[in-house]
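> Show me how the following folds:
(one chain, ligands or ions: 1)
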Amino acid sequence: MYIALQYHSITNFFIMRNTLNIKIQKNLSSKLHEFNLDTAEFGKTPTDHMFVAEYHQKNWSNFRVEPFQPLQISPFNLSLHYGQTVFEGMKAYRMQDGNISVFRVKKHWERFNKSLKRMAMAEIPFEVFQEGLHTYLMIDEAWVPSAEDSSLYLRPFMIAYEDRVRVKVAEHFLFMIVGSPAKQYYSKPLNLYVETHYSRAASGGTGTAKCGGNYGGAFYPTALAIQNGFDQVLWTDASTHQFVEESGTMNVMFVIDGKLVTPALTDSILDGVTRDSIITLAKDMGITIEERKISVEELEKFFQENKVQEAFGAGTAAIVAPIGSITIHDRKYQLPPYSENALMFLIKEQLNNIRTGKSEDKYGWNDVIQIGNRVNP
Ligand code: COI
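Numbering: from 1, shown residues only. Coordinates of the predicted model:
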């Protein structure tokens, strides 16, 4: 069903699908004119609106786009005490024809639901995820930047929304989508410290879920690494600390002897959407891919033989983040300076061209929102 959605202010109309009967309340004091992308810090400025849905009695309902505002939460809220929180990180891009593309919505939605299942939370139907996202984006479309390397970072998330201090699995949940315009996440090559004492995730745990606790648990070891002059840690597996897993907020990839080498996915590594996209593009370029266990010892040997040509992090926020050095057992291995023809940059450019409509989207990754459907009377 397609209908004209009308804002409360009666100034704007959108022609869009609204099968969920999403209620819209317009923010009458937009902050867009105060926003400066050049000076903005990542994730600090919200757009004017947010999408909200509630889960009660095994049903999703009360769909709405409303002004961005603080939530009212009881101090008894379960998520505050027991950590039932799951999120996704996605991006919307301004295409060269002015429309908006959201990158790999279905894959993000699938991962979101896997994380929710692992955290015993209500899964979200694709229609709610996608239509909520589209409606929010149509309304805040002016916040999607067009500058090079910029995008609107999207943060769908869910929390337990039930007030009980007793330990129990929540039955009520709140799903929201918020966004913030973003440029590059990291501005310089990263110095990593290979962590062989603390662990990010153990087998059988929640490492592959995008739940808040995984990030909170990583803060202390990361803060120690930062105190010691590093930017991030390179995590190793929790049981032996012999195998490289991921880095900070990203999957990790190496170019070794011309091959793209990355740790194979396990239940303690996040199944990165950017990781998957990079592997797909590299395969298409004829690059040999090795998804396998990489031991710290082996990595050290490759460094000593000067075979590590590139190392980089891959993630939605970071896209590709060059790694400048890796410190293994107090020995710092410096990566060579990267030219603009480094594989990571060539792949990043291809990704960017697909997202902005400069190259054909042959994998069907873009979920395109036609801004031409918007009518401003
Ligand atoms: C992302 O890359 O989208 C992430 O979620 C990582 C981080 C910003 C938390």
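
> Can you tell me the SS state at His81?
Secondary structure assignment for His81 (DSSP: H, G, I helix; E, B strand; the rest coil): helix.

> Could I get the phi/psi values of the nearest residue to Gly89 once chain neighbours are set aside?
Sequence neighbours aside, Thr316 is the residue nearest to Gly89 in space, at 4.2 Å (criterion: C-beta to C-beta, 6 or more residues apart in numbering). Heads up, the C-betas are built off the backbone N, CA and C, glycines and all. Taking degrees, to the nearest 10, you get phi -60, psi -50 for the backbone angles of Thr316.

> Adjust the sequence numbering to begin at 16 for everything that follows.
OK, 16 is where the count begins now, so the last one is Thr331.

> which residues touch Thr331?
Residues in contact with Thr331, defined by C-beta atoms under 8 Å, 6 or more residues apart in numbering, are 104-106, 118, 168, 287-289.

> from those residues, which two are the most distant?
Maximum pairwise distance in the contacts of Thr331, criterion C-beta to C-beta, is 15.5 Å, between Tyr168 and Gly287.

> and the residue nearest to Gly104, how far is that from the ligand?
Taken as C-beta to the nearest ligand atom, to the nearest Å, the spacing of Thr331 relative to the ligand amounts to 3 Å.

> now Glu260
Remark: distance between Glu260 and the ligand (C-beta to the nearest ligand atom) = 15 Å.

> pretty sure that residue is touching Ile284, no?
Yes - because the distance of 5.3 Å satisfies C-beta atoms under 8 Å, Glu260 is recorded as touching Ile284.

> sorry, back to before: redo the contacts of Thr331 as a markdown table? Include neighbour count and secondary structure.
What follows is the contacts of Thr331, written out as a markdown table (neighbours: other C-beta atoms under 10 Å; DSSP: H, G, I helix; E, B strand; the rest coil):
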| residue | neighbour count | secondary structure |
| --- | --- | --- |
| Gly104 | 21 | coil |
| Met105 | 25 | strand |
| Lys106 | 23 | strand |
| Phe118 | 23 | strand |
| Tyr168 | 20 | strand |
| Gly287 | 24 | coil |
| Val288 | 23 | helix |
| Thr289 | 25 | helix |
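
> Within reach of the ligand, which of the residues you listed are there?
Among the contacts of Thr331, the residues that sit close to the ligand (C-beta under 6 Å from any ligand atom) are Gly104.

> Would you mind giving the contacts of Thr331 as TSV with pLDDT added?
Written out in TSV, the entries for those read as follows (pLDDT from 0 to 100):
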residue	pLDDT
Gly104	98
Met105	98
Lys106	98
Phe118	98
Tyr168	98
Gly287	98
Val288	98
Thr289	98
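
> which among the contacts of Thr331 gets closest to Gly228?
When the contacts of Thr331 are ranked by distance to Gly228 (C-beta to C-beta), Gly104 comes first, at 16.1 Å.

> So that closest one is in contact with Phe172, correct?
No - using C-beta under 8 Å as the test, Gly104 is too far from Phe172 to be in contact (9.6 Å).

> Check which helix or strand Lys129 maps to.
Counting by DSSP states H and E, the secondary-structure element that holds Lys129 is helix 120-133.

> From Ala135, how far off is the closest residue to Lys183 other than its chain neighbours?
If the residues on either side of it in the chain are set aside, Lys183 comes closest to Leu93, at 7.2 Å by C-beta to C-beta, 6+ apart. Distance, Leu93 to Ala135, by C-beta to C-beta, to the nearest Å: 11 Å.
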